[in-house]
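Enquirer: Quick check, what structure comes out for this input:
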Amino acid sequence: MNKPRQSDLINTMSDKEVTFHLVLTQVIIVCLSIIGSWLLFDSYWNSWASQFHPSMREILIYGLIPGLIVVAIDLILMKVVPPKYYDDGGINMKVFKNRSVRGIVGITLLVAVSEEMLFRGVLHAEFGYYIASITFAVMHIRYLKKFVLLISVLFVSFFIGYMYEITGNLLATMSAHFVIDLLLAFYIRFKMGGRMPALHVK
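Expert: Have a look, this model is predicted:
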């Protein structure tokens, strides 16, 4: 018997069910961040505090601008790459297509904060740029058989990781991650024309 395709499984779920699983995943990621940092950091509070720099210059140059660059590249690719290569199985459509603006902001903010805490705040800080960036890409498991989406998420992972490598500032990488997912979620919500942007949510 053939295994059902991911898109078929997603279609059997309601928008609320898909959203619930997404939010649950992010809560688990936050818990892993807290547990991992407690086990790995020499000084728990100081190690976290040292990664948050309220520098508007860093947030702009290494967060907002890189985020806009990624979105621009993604939108260009969606114009030139056949739609089948941007098909993520329908998850992002289920999560964002019928959601309010406030709901989109809330979900993309949660994703940006939780994933940057784990992948940059813990893994990058303790194990380095390459391990954290590759792990981030691998965790987006539904993209592993989609060449264009995989390349996209690898690029974003290493790009945001490099911003952290330069600054050590989680506020910058959270800003970049948030801008990317927020704008692409708005694209799904208001402009979707059959091609699925590679949002960096699980």
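
Enquirer: Quick check: what element follows the longest helix along the chain along the chain?
Expert: When every helix of the chain is counted residue by residue (DSSP state H), the longest turns out to be helix 15-40. Sequence-wise, the next helix or strand beyond helix 15-40 is helix 44-49, with elements assigned using DSSP states H and E.

Enquirer: and that next one, which residues are buried?
Expert: 47-48 (16 or more other CB atoms under 10 Å). Bear in mind the C-beta positions are built from the backbone N, C-alpha and C, glycine included.

Enquirer: Can you spell out which helices and strands pack onto it?
Expert: Here helix 44-49 touches helix 15-40, going by 3 or more CB pairs under 8 Å, 6 or more residues apart in numbering; DSSP states H and E.

Enquirer: What helices and strands are in contact with the helix it packs on?
Expert: When contacts are defined as 3+ CB pairs under 8 Å, 6+ apart, helix 15-40 packs onto helix 44-49, helix 91-96, helix 101-116.

Enquirer: Out of these, which gets the lowest mean score?
Expert: Lowest mean pLDDT of these: helix 91-96, a mean of 82.

Enquirer: from the chain's centre, how far out does that helix sit?
Expert: Relative to the centre of its chain, helix 91-96 is centred 14 Å away, using CA atoms, centre = their mean, to the nearest Å.

Enquirer: Which strands and helices lie in contact with it?
Expert: Judged by 3+ CB pairs under 8 Å, 6+ apart, the packing partners of helix 91-96 are helix 15-40, helix 101-116, helix 170-191.

Enquirer: Mind exporting the C-alpha coordinates of that helix to PDB?
Expert: Extracted as PDB, the C-alpha positions of helix 91-96 are listed here (Å, rounded to 0.1, in the frame of the first residue of the first chain):
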ATOM      1  CA  ILE A  91       1.000  23.500   5.500                       C
ATOM      2  CA  ASN A  92       1.700  27.200   5.200                       C
ATOM      3  CA  MET A  93      -1.500  27.800   3.200                       C
ATOM      4  CA  LYS A  94      -3.500  26.000   6.000                       C
ATOM      5  CA  VAL A  95      -1.800  28.200   8.700                       C
ATOM      6  CA  PHE A  96      -1.900  31.600   7.100                       C
END
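
Enquirer: And the longest helix of the chain, what's buried?
Expert: Along helix 15-40, the positions that meet the burial threshold by neighbour count (16+ other CB under 10 Å) are 18-19, 22-23, 25-26, 29-30, 33, 36-37.
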